[in-house]
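A.B. asks: 3D, please:
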Amino acid sequence: SYGGGGSGGSVFLQGRTLKGVNGIISANGGSHTSATGGGSGGGGGRVAVVYDPAAQGAQSLIARPQIVFSANQGLVSNNENASPDRTGITSWGRPGTLYFPDQQLFPQPLTGGGVIEIPGATAFLLKSLTVSNGYLVFPAGASLIVSNDLNIIGQGGGIELTNGLLEVGGSLRVNGFATGARYPRLRLWADNNNASSITVGGDLHLTNRASLWIHSGCTNGLAPDYGVLVTVHGNAFISQGSWIYPHAQPTNGGAPLFRFKNCWIGPNAGFNADGLGFGGKIADGTTTNRGYGPGGGWYSAYAYGGGAGHGGYGGGTAVLAGVLCGGLYGSSNTPPFYPGSNGGPGSPSGGQGGWGGGLIRLEVTETLDFNGLMSANGGSSTFAGVARGPSYYGGGGSGGGIYVQCRSFTSTGGTIRANGGPSGPSGKAGGGGRIAVFRHSGELPGVITWQANSGGTGGQSGWSNPENGTIHWGFLPPRGTLFIIR
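C.D. replies: Alright, predicted model coming up:
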């Protein structure tokens with residue numbers, strides 16, 4: 001029950017033209033199908049189809065091939081929604097490759113998956129696209145432009161773009177199943193020098209445990225002051241069990257910005273930025289070593305990591321003096337807002353402190369109907385994620401930032417939190433983050449739970465404890481307001 005799936009094999013086809021109806025060409029990875037155990041899925045194989053583009057074009061005018069091409073990754077039946085870390089590592093395998101000379105055989109609807117390899121392809125222009133039960137990865141730098149609707153459905157379905165643009169003229173729907181375990185997702189990566197974006201002309205629907213993963217590039221804090229822009233000109237519906245994961249750039253702090261017309265967030269759904277802020281600093285054995293971010297925790301001479309600060313100081317040897325603890329940065333109610341910082345590294349053997357909470361930055365033109373969760377908690381130094389470097393001595397990450405701006409805020413119950421992360425037994429916890437919600441109208445909903453707490457008082461004895469962060473509930477000036485400064 002602990003064995004992993006085998007990798008997919010290879011399929012190579014070469015001819016002047018290719019035709020067929022209802023055909024399937026696949027080299028999928030094997031899945032781990034046991035209901036128990038810790039095995040992982042196998043990687044996809046390789047499919048290559050080589051034809052004469054001119055002859056194939058003439059053939060397609062007569063009868064376009066209706067063939068499914070697939071080099072899907074292997075899945076895991078007992079843990080299909082295992083959250084990938086920043087590098088995309090998960091218990092799923094990775095898709096294999098699909099090679100074509102050009103885009104003529106790009107199928108509709110696409111029920112397979114794989115990493116598309118087409119020489120010179122920089123843009124994919126489609127009237128509509130449905131990806132069903134397959135994970136499709138577009139070439140790095142390529143843009144996907146869909147005139148009408150884009151649908152990602154089924155178990156294990158998904159689309160992944162890197163350093164590219166996604167433009168959807170109609171609605172974008174990511175829809176899983178009410179039952180079952182393999183959840184669909186849309187993922188956009190941006191590297192350090194690229195501001196990618198998603199633009200949807202219609203509505204965004206995340207339903208039945210679907211997810212949207214946005215990995216931000218860097219920003220210099222000036223215009224534009226975001227790493228990735230996600231714009232939905234219509235309404236955004238985030239239904240029960242569905243999540244948006246906004247990843248900040250871990251050393252620069254660039255973060256995504258979400259702009260929606262109206263937004264409805266259902267129960268057990270929303271934005272999850274826990275541990276998605278500054279992070280990844282490795283201990284180097286020097287006392288000048290500190291975690292990433294403006295409030296990064298310090299590494300002490302005793303190989304213990306101080307907590308990161310943000311809205312409140314992190315835990316350390318002297319909070320007011322800022323020694324070994326992470327300091328304050330940002331403002332309770334004034335932009336710019338930031339992710340949480342990295343806790344101090346622990347031990348000289350490569351330990352990491354907890355990652356800071358991410359930044360949830362949401363601008364809603366009209367109404368935000370919030371009934372779920374927005375969470376930007378700092379990570380623990382003992383967090384067991386593959387890329388988060390568990391460390392017995394490290395400090396906790398600080399709580400992240402949550403900045404919401406809307407015309408009207410309504411709710412029947414939910415939680416908004418940016419708590420600091422706990423430390424290892426010999427480090428110190430992180431300080432609380434910063435939460436600021438601005439609206440034109442509406443009173444403070446008493447049904448909302450607000451938290452910007454520190455990561456607690458545990459860890460190294462004799463050190464100062466971390467502080468709570470800040471929470472601000474404010475009004476925006478009415479539209480048409482005129483300010484006169486004399």
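A.B. asks: C-alpha only now, for contacts and for neighbours.
C.D. replies: OK.
A.B. asks: any chance you could map the strands in the stretch 351-486 of the chain?
C.D. replies: Remark: strands assigned in the stretch 351-486 of the chain by DSSP state E, counting those that start in this stretch are 359-370, 373-375, 401-411, 414-417, 434-441, 448-451, 470-475.
A.B. asks: Redo those strands as a markdown table? Include distance to residue 249 and mean neighbour count.
C.D. replies: Shown next, in a markdown table, are the strands of the stretch 351-486 of the chain (distance: least, C-alpha to C-alpha, whole Å; neighbours: other C-alpha atoms under 10 Å):
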| stretch | distance to residue 249 | mean neighbour count |
| --- | --- | --- |
| strand 359-370 | 10 | 23 |
| strand 373-375 | 17 | 24 |
| strand 401-411 | 14 | 23 |
| strand 414-417 | 21 | 20 |
| strand 434-441 | 18 | 23 |
| strand 448-451 | 24 | 17 |
| strand 470-475 | 23 | 17 |
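A.B. asks: Adding distance to residue 127, write those strands out as TSV.
C.D. replies: Output for the strands of the stretch 351-486 of the chain, formatted as TSV (distance: least, C-alpha to C-alpha, whole Å):
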stretch	distance to residue 127
strand 359-370	28
strand 373-375	35
strand 401-411	33
strand 414-417	39
strand 434-441	38
strand 448-451	42
strand 470-475	42
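A.B. asks: separation between residue 16 and residue 55?
C.D. replies: Counting by C-alpha to C-alpha, to the nearest Å, the gap from residue 16 to residue 55 is 7 Å.
A.B. asks: circling back to that earlier point, nearest to residue 137, of the strands of the stretch 351-486 of the chain?
C.D. replies: strand 359-370 (25.8 Å; C-alpha to C-alpha).
A.B. asks: returning to that earlier point: which one of the strands of the stretch 351-486 of the chain lies closest to residue 280?
C.D. replies: strand 359-370 (16.6 Å).
A.B. asks: which residues touch that closest one?
C.D. replies: 246-248, 255-266, 271, 273, 276-277, 337-340, 374, 376, 400-414 (C-alpha atoms under 8 Å, 6 or more residues apart in numbering).
A.B. asks: Also stretch 264-271?
C.D. replies: Here stretch 264-271 has contacts from 235-246, 360, 368-375, 414, using C-alpha under 8 Å, 6+ apart.
A.B. asks: now with 6 Å?
C.D. replies: 237-244, 369-374 (C-alpha atoms under 6 Å, 6 or more residues apart in numbering).
A.B. asks: average model confidence for it?
C.D. replies: Here stretch 264-271 scores 96 as its mean pLDDT.
A.B. asks: what do you get for stretch 336-354?
C.D. replies: On average, stretch 336-354 scores 83.
A.B. asks: mind showing which ranges of the stretch 351-486 of the chain have poor pLDDT?
C.D. replies: Residue ranges of the stretch 351-486 of the chain with pLDDT under 70: 351, 382-392, 462, 479-483.
A.B. asks: what pairs with the host helix or strand of residue 167, and is each one parallel or antiparallel?
C.D. replies: Residue 167 belongs to strand 165-168 when elements are defined using DSSP states H and E. Sheet pairing for strand 165-168, assigned by DSSP bridges, gives strand 143-146 (parallel), strand 197-200 (parallel).
A.B. asks: Please tabulate these in CSV, including the columns mean neighbour count and mean pLDDT.
C.D. replies: Below are the strands paired with strand 165-168 laid out as CSV (neighbours: other C-alpha atoms under 10 Å; pLDDT from 0 to 100):
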stretch, mean neighbour count, mean pLDDT
strand 143-146, 21, 94
strand 197-200, 21, 96
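A.B. asks: can you tell which of those is closest to residue 122?
C.D. replies: Nearest of those (C-alpha to C-alpha): strand 143-146, 6.3 Å.
A.B. asks: Let me see the residues that make contact with the very next helix or strand once past the closest one.
C.D. replies: Going down the chain from strand 143-146, the next helix or strand is strand 150-153, by DSSP H and E. The contact list for strand 150-153 (C-alpha under 6 Å, 6+ apart) reads 128, 129, 130, 131, 132, 172, 173, 174, 175, 176.
A.B. asks: strand partners of strand 150-153, parallel vs antiparallel please.
C.D. replies: Take DSSP bridges as the rule and strand 150-153 pairs in its sheet with strand 129-132 (parallel), strand 172-175 (parallel).
A.B. asks: Of those strands, flag the one that's most buried.
C.D. replies: Ranked by mean neighbour count under mean count of other C-alpha atoms under 10 Å, the strands paired with strand 150-153 are led by strand 172-175, which reaches a mean of 25.
A.B. asks: Flag every buried residue along the helix or strand just after it.
C.D. replies: From strand 172-175 onward toward the C-terminus, using DSSP H and E, the following helix or strand is strand 185-189. Buried residues in strand 185-189, counting neighbours by 16 or more other C-alpha atoms under 10 Å, are found at 185, 186, 187, 188, 189.
A.B. asks: same deal with stretch 200-208?
C.D. replies: Result for stretch 200-208 [16+ other C-alpha under 10 Å]: buried residues 200, 201, 202, 203, 204, 205, 206, 207, 208.
A.B. asks: Strands - which of those residues land there?
C.D. replies: Among these, the ones falling in strands (DSSP state E) are 200, 204, 205, 206, 207.
A.B. asks: Could you dump the residues you listed into a markdown table with distance to residue 62 added?
C.D. replies: Below are those laid out as a markdown table (distance: C-alpha to C-alpha, whole Å):
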| residue | distance to residue 62 |
| --- | --- |
| 200 | 34 |
| 204 | 37 |
| 205 | 37 |
| 206 | 38 |
| 207 | 39 |
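A.B. asks: So for those residues, which is the shakiest by pLDDT?
C.D. replies: residue 207 (93).
A.B. asks: how about residue 326, what does it touch?
C.D. replies: 295, 296, 297, 307, 308, 309, 313, 314.
A.B. asks: I am finished for the moment; much appreciated.
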